[in-house]
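**Q** Whatever this is, show me its structure:
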Amino acid sequence: MTYTFHVVITPGSGSWRARCPALESHGAVTGGETKEEALTHIYSALVMILGKMEADGTTVPPDDAVPDSIPLSVDI
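**A** Next up is the predicted model:
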């Protein structure tokens, strides 16, 4: 199944932070040294979180599009 969630990537001091507001309470927060690395890490986090939710039969929450977010599609 393909899911699309919005993620927010913000610069910090020497690193980048990535989070998915809709899945933040499930641990969808990560970072990286570059924007691309942070995006790769949040993609991996979403794959793990959504895969576990599907395996457990947990309802996947709806996407939460927030200002300055970008859509990210994940295939499980």
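**Q** which residues sit in contact with Lys52?
**A** For Lys52, the contacting residues are Thr58, by C-beta atoms under 8 Å, 6 or more residues apart in numbering. C-beta: built from backbone N, CA, C; applies to glycine.
**Q** Okay, and it sits in which element?
**A** Lys52 is part of helix 35-56, with elements assigned from DSSP states H and E.
**Q** could you point out which element follows that helix?
**A** Counting by DSSP H and E, the next helix or strand C-terminal to helix 35-56 is strand 70-75.
**Q** Pull out the buried positions in that next one.
**A** Buried residues in strand 70-75, defined by neighbour count with 16 or more other C-beta atoms under 10 Å: 72, 74.
**Q** residues in contact with that strand?
**A** Contacts of strand 70-75 (C-beta under 8 Å, 6+ apart): 1-9, 20, 39, 42-43, 46-47, 50, 65.
**Q** Give me the buried subset of those.
**A** 3, 5-9, 20, 39, 42-43, 46, 50.
**Q** And these, which is closest to Thr30?
**A** Nearest to Thr30, judged by C-beta to C-beta, of the buried ones among the contacts of strand 70-75 is Ile42 at 5.3 Å.
**Q** what pLDDT does that closest one get?
**A** On the pLDDT scale, Ile42 is placed at 98.
**Q** who's in contact with it?
**A** So Ile42 contacts 7, 9, 18-20, 28, 30, 72 (C-beta under 8 Å, 6+ apart).
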